[in-house]
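Give me coordinates for this.
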Amino acid sequence: MPDLFDTIGPKEGPTPERAGPRPLADRMRPESLDEVIGQDHLLGPEGSLRAMLDAGTLPSLILWGPPGVGKTTIAQLLAKETDLAFVQISAIFTGVPELRKVFEAAQLRHRNGKGTLLFVDEIHRFNKAQQDGFLPHMERGTIVLVGATTENPSFELNSALLSRAQVLVLNRLEPRDLERIMSRAEKKMGRALPVTAEARDLLVGMADGDGRALLNLLEQAFGWEGGPVDPAGLEKRLSRTAPKYDKSGDAHYNLISALHKSVRGSDPDAALYWFARMLEGGEDPRYLARRITRMAVEDIGLADPQAQAHCLSAWETYERLGSPEGELALANALVYLALAPKSNAVYSAYKSARRLAKETGSTPPPKHILNAPTGLMKDQGYGAGYAYDHDAPDAFSGQDYFPDELPRPVLYLPPDRGFERELKKRVEYFARLRVKRKEDGGAA
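Take a look at the predicted model:
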């Protein structure tokens, strides 16, 4: 069930009755946890939060989920279930002086034998010092903290705070959940929505998993006069909800991950879908061009040496054409990458080489491959014994170019795919030749 209102300052106790008109979303607020829709994995018979309540314990919690799925509502009902005073603040509008007052009131309440459930909306917006301020009050039991966030707590919250709270993930509402909310709203209003069955489905799509957004749309629809409104009429009367996409938040990283993995998984349809989702959400196509080029380097590599060139060409085309025409060039590159042979052999070899470089520190190159521009350096053996490969049979001397103290490693292991099938043959050819040169008395 959705969060039904936003709190600007501290709020304590149940929502007071208001004489004026109340929004439908406010009137639809659940009266008990059993009425909350869409979070059965937490509140159902086998749910983790239900188990905590049945055991008579309520630890501090972080409720992580998208907007409109019930974070505020659940926090209020938890306070009701556990007989705790409910205090709500928003991290957007609350500073240190306000927090100090909240903690002082909770301490007084605690001394009088009453606990406090402190609900902090947008808790990820508090800085480190502010987050640390909760810790002593949580440890002394002055407050049970329930924080709500739409961002990944692993990235946005202090480890000290996370170690003292349990993270509960709230799910985006499914179409069936939104249908249940619509049915409840119709029962509450005492009449059916004045829309066709097809328009009803469209309303679910417009809500995009957000129960609060759905109730706001329904409130408008209930006010319409006349016969049932069809999808075309619905779109004229209502604006579609903007896709939930924050270019610096979780949605950004989740969608680019989905795009990258679709390309890696050789699925051009899925790649185009996630590409379109990001563009619809307002992502900068230049960012996508950079990431698409990275995919060519990381996941295709030398299995198709043309892949990188395709991406750079598409990037340049976008820069010349701009949006929306240039986005098609990026789509072309994306499909090419999805269908190209895949290899991370060079990427893996590069990472192995970096690890080996760190482990071997400042180990010098062997002297035979060092230049000797001065007499002193020649006297020290620089360049002595170097075999000029162009003078060797097959232009290959077979010498060892690793440090003397380092046994020769094998870093690049090309797969038998794409162009790297040919490169694998070359690697094996030079490996055989290196053995032969060594047998012949070479410097390998």
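
so where's the chain shaky on pLDDT?
1-20, 239-250, 442-444 (pLDDT under 70).

Kindly recompute the last result at 80.
1-21, 226-227, 239-252, 440-444 (pLDDT under 80).

tell me the domain boundaries of it?
Taking automatic domain parsing as the reference, the chain has its domains at 11-169, 175-237, 250-339, 361-439.

Let's see the distance spanning the second one from one end to the other.
This stretch, domain 175-237, spans 22 Å end to end (Cα to Cα, to the nearest Å).

do the last one as well
Start and end residues of domain 361-439 are separated by 31 Å (Cα to Cα).

Now do that domain: distance to the chain's middle.
Relative to its chain's centre, domain 361-439 lies at 44 Å (Cα atoms, centre = their mean, to the nearest Å).

Leu117 belongs to a helix, doesn't it?
No. Counting by DSSP: H, G, I helix; E, B strand; the rest coil, Leu117 is not part of a helix but strand.

I'd like the domains of the chain as a markdown table, with distance to Arg355 and mean neighbour count appended.
Bear in mind the C-beta positions are built from the backbone N, C-alpha and C, glycine included. Shown next, in a markdown table, are those (distance: least, Cβ to Cβ, whole Å; neighbours: other Cβ atoms under 10 Å):
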| stretch | distance to Arg355 | mean neighbour count |
| --- | --- | --- |
| domain 11-169 | 25 | 17 |
| domain 175-237 | 42 | 17 |
| domain 250-339 | 17 | 18 |
| domain 361-439 | 10 | 13 |
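
Pipe those into TSV and attach distance to Ala353 per row.
Supplementary listing: those in TSV, determined by distance: least, Cβ to Cβ, whole Å:
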stretch	distance to Ala353
domain 11-169	30
domain 175-237	45
domain 250-339	14
domain 361-439	5
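
so which of those domains gets nearest Ala345?
Of all the domains of the chain, domain 361-439 sits nearest to Ala345, with 4.9 Å by Cβ to Cβ.

can I get the CA coordinates of stretch 331-344 in PDB?
The C-alpha trace of stretch 331-344 is given here as PDB (Å, rounded to 0.1, in the frame of the first residue of the first chain):
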ATOM      1  CA  ALA A 331      21.200   1.300 -31.500                       C
ATOM      2  CA  ASN A 332      23.000  -0.100 -34.600                       C
ATOM      3  CA  ALA A 333      26.200  -0.400 -32.600                       C
ATOM      4  CA  LEU A 334      24.300  -2.100 -29.700                       C
ATOM      5  CA  VAL A 335      22.800  -4.700 -32.000                       C
ATOM      6  CA  TYR A 336      26.200  -5.400 -33.600                       C
ATOM      7  CA  LEU A 337      27.800  -5.900 -30.100                       C
ATOM      8  CA  ALA A 338      24.900  -8.200 -29.000                       C
ATOM      9  CA  LEU A 339      25.400 -10.500 -32.000                       C
ATOM     10  CA  ALA A 340      29.200 -10.300 -32.100                       C
ATOM     11  CA  PRO A 341      31.300 -13.300 -30.700                       C
ATOM     12  CA  LYS A 342      32.200 -12.700 -27.100                       C
ATOM     13  CA  SER A 343      35.500 -12.800 -25.400                       C
ATOM     14  CA  ASN A 344      37.000 -11.300 -22.200                       C
END
